[in-house]
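Novice: predicted coordinates and the sequence they were generated for:
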Amino acid sequence: MKKLMFLLAAASLSSVAFAQQKSNSQNVLIGESVDVMEVPVDKYKVETNHFFDNWFFSVGGGAQVLFGDQSDLGKFKKRIAPALQISIGKWFTPGLGLRLQYSGLQSKSFSSEPSVYSKPHMLSEGYYQDKFNYMNLHGDILFNVSNMLAGYNENRIYDFVPFVGFGFAHSYDAPRRNSLAFNFGIINTFHLASAWDLNLELYGMGTENKFDGKTISKGPDFMAGATVGITYKFPQRGFKPAPDVDAIMALTSSQMDAINTALAQQIEQNRQLKAQLANQPTEVVTEQVTVNQIAPAPQSVFFQIGSAVLPANSTVNLQQIAELVKDNPELKLKVTGYADSDTGSAAWNKQLSEDRANNVANELVKLGVNKNNLIISGMGGVNTLTPPAFNRRVIIEAQ
């Protein structure tokens, strides 16, 4: 799984205590920290796939065998015919895709009596050889079971891809019959490079009984085959894993715990410093002590696509922020909502960003923050962060 990195500022806590005496001076600085954290992603979710993303073109060749009326009169090896496949398709998600395929080429069989596709002369074995050229044009639904079960992994070497589809088969030889066709099979995909795959496709095609030119027995005619081919994946290939919002919120909660720990240490150090200053001789000229100065880094609340509903685990962080504001009544918070500009219209994203900001602000008010301490705004859709899901958020900043 590709690991995404982005900068999460934990908290900047600072206090300065300064005492100047007649003969010396003392400076105390409790400093800053910025952590670079690895953002977790959900291997079963990806970013929205655009229309021109993940298109592919495939070509392959191999052999196929017809199982139809009286096809077993002759030897199996004499029924083997060449096969051709040409496909174009698109993956909509790592597990689901569609393709349009032109397949077929030639079919061989046998007949006890001359059929529409029989050669004019009887073979020495006492039956006729049938042969005709055909094509099968069909649309298939592709299921990448590897990605469905194990999650998306662009570095995986092998993928198991079953498919099913419908189309029609057409004979190029007179009387040029058309038959409905049902297609199914398995594509074994071996990834050679980011743009190239090697495919081993095992397939079956069921058609109406008239496909082989005979209707002696009941039931469909059946074609089975195997091909080897290559696939070229057009640019704008691959998927971007979506961030795990719950895990991100858990990280943010951990950061708030770190802020509280650092703040407690800072208060204790300031208390000790004040005690030391109180015991100094009276000739101390000036004394300046700054206690509990808080400059928390911006905090983010992340939302699901198209939603302004607060995630259940966001309350933990908002409670911590509310406590900081209640302990520092002069502190104002700027609550700014954003949306992902890659999805939705500009008007929709503007309203969505405002709804997100208002919902966060309302929750802070419920937790005891004075609404006069909140500056609320919605900035609409943006694309400042990658992946786009990081833009679906509300940022809370101290003013």
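Specialist: Nice, thanks for sending it over.
Novice: could you pull out the strands for the stretch 1-150 of the chain?
Specialist: 4-20, 25-39, 41-46, 55-67, 80-91, 96-111, 128-143 (DSSP state E, counting those that start in this stretch).
Novice: let me redo that: the stretch 251-399 of the chain
Specialist: According to DSSP E, counting those that start in this stretch, the strands that the stretch 251-399 of the chain contains are 286-289, 294-295, 299-302, 333-340, 374-382, 393-398.
Novice: mean pLDDT and distance to Asp159 added to the ones you listed, as CSV?
Specialist: For glycine as for every other residue, the C-beta is placed from the backbone atoms N, C-alpha and C. Formatted as CSV, these follow (pLDDT from 0 to 100; distance: least, CB to CB, whole Å):
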stretch, mean pLDDT, distance to Asp159
strand 286-289, 47, 65
strand 294-295, 46, 50
strand 299-302, 86, 31
strand 333-340, 92, 29
strand 374-382, 93, 34
strand 393-398, 89, 33
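Novice: now the ones you listed as CSV including distance to Met148 and mean neighbour count?
Specialist: Listed next are the strands of the stretch 251-399 of the chain as CSV, based on distance: least, CB to CB, whole Å; neighbours: other CB atoms under 10 Å:
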stretch, distance to Met148, mean neighbour count
strand 286-289, 62, 12
strand 294-295, 47, 14
strand 299-302, 25, 23
strand 333-340, 25, 24
strand 374-382, 31, 18
strand 393-398, 29, 20
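Novice: redo those strands as CSV? Include distance to Val46.
Specialist: Shown next, in CSV, are the strands of the stretch 251-399 of the chain (distance: least, CB to CB, whole Å):
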stretch, distance to Val46
strand 286-289, 53
strand 294-295, 37
strand 299-302, 16
strand 333-340, 14
strand 374-382, 20
strand 393-398, 19
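Novice: right, so of the ones you listed, which gets closest to Trp55?
Specialist: Relative to Trp55, the nearest member of those by CB to CB is strand 333-340, separated by 23.1 Å.
Novice: helices or strands up against the closest one?
Specialist: helix 346-366, strand 374-382, strand 393-398 (3 or more CB pairs under 8 Å, 6 or more residues apart in numbering; DSSP states H and E).
Novice: helices of the stretch 101-250 of the chain, start to end?
Specialist: 145-150, 245-278 (DSSP state H, counting those that start in this stretch).
Novice: for those helices, which has the smallest mean pLDDT value?
Specialist: Sorting the helices of the stretch 101-250 of the chain by mean pLDDT places helix 245-278 lowest, at a mean of 68.
Novice: contacts only, for Asp342.
Specialist: Contacts for Asp342 (CB atoms under 8 Å, 6 or more residues apart in numbering) come out as Glu47, Thr48, His50, Gly381, Asn383, Pro388.
Novice: how close does it get to Ala242?
Specialist: 12 Å (CB to CB, to the nearest Å).
Novice: shared neighbours, these two?
Specialist: Contacts common to Asp342 and Ala242, judged by CB under 8 Å, 6+ apart, are Glu47.
Novice: can you verify my assumption that His50 contacts Gln236?
Specialist: Yes. Counting by CB atoms under 8 Å, Gln236 is a contact partner of His50 at 7.4 Å.
Novice: and the gap between the residue nearest to the spatial centre of the chain and Pro311?
Specialist: The centroid of the chain falls nearest to Val46 when counting by CA atoms, centre = their mean (0.9 Å). When distance is defined by CB to CB, Val46 is 19 Å away from Pro311.
Novice: ditto for Asn328
Specialist: In terms of CB to CB, Asn328 sits 26 Å off from Pro311.
Novice: for the protein, what are the low-confidence residue spans?
Specialist: 1-42, 244-260, 262-264, 266, 280-297 (pLDDT under 70).
Novice: domains in it, by residue range?
Specialist: 4-40+249-398, 48-233 (automatic domain parsing).
Novice: now the terminal residues of the last one, how far apart.
Specialist: Just to be clear, that refers to domain 48-233. 18 Å (CA to CA, to the nearest Å).
Novice: hang on, Pro311 packs against Phe303?
Specialist: Yes. Using CB under 8 Å, Pro311 is in contact with Phe303, at 7.0 Å.
Novice: so between the two, which is more surrounded?
Specialist: Higher neighbour count among Pro311 and Phe303: Phe303, with 28 against 16, using other CB atoms under 10 Å.
Novice: any idea how far Asp355 is from the closest residue to the more buried one other than its chain neighbours?
Specialist: Closest residue to Phe303 apart from its sequence neighbours, by CB to CB, 6 or more residues apart in numbering: Arg392 at 4.7 Å. Note on Arg392: its distance to Asp355, by CB to CB, is 12 Å.
Novice: how far off centre is stretch 332-345?
Specialist: Remark: stretch 332-345 is offset 21 Å from the chain centroid, using CA atoms, centre = their mean, to the nearest Å.
Novice: ends of it, how far apart?
Specialist: 32 Å.
Novice: how about stretch 83-97?
Specialist: Taking CA to CA as the criterion, the two ends of stretch 83-97 lie 23 Å apart.
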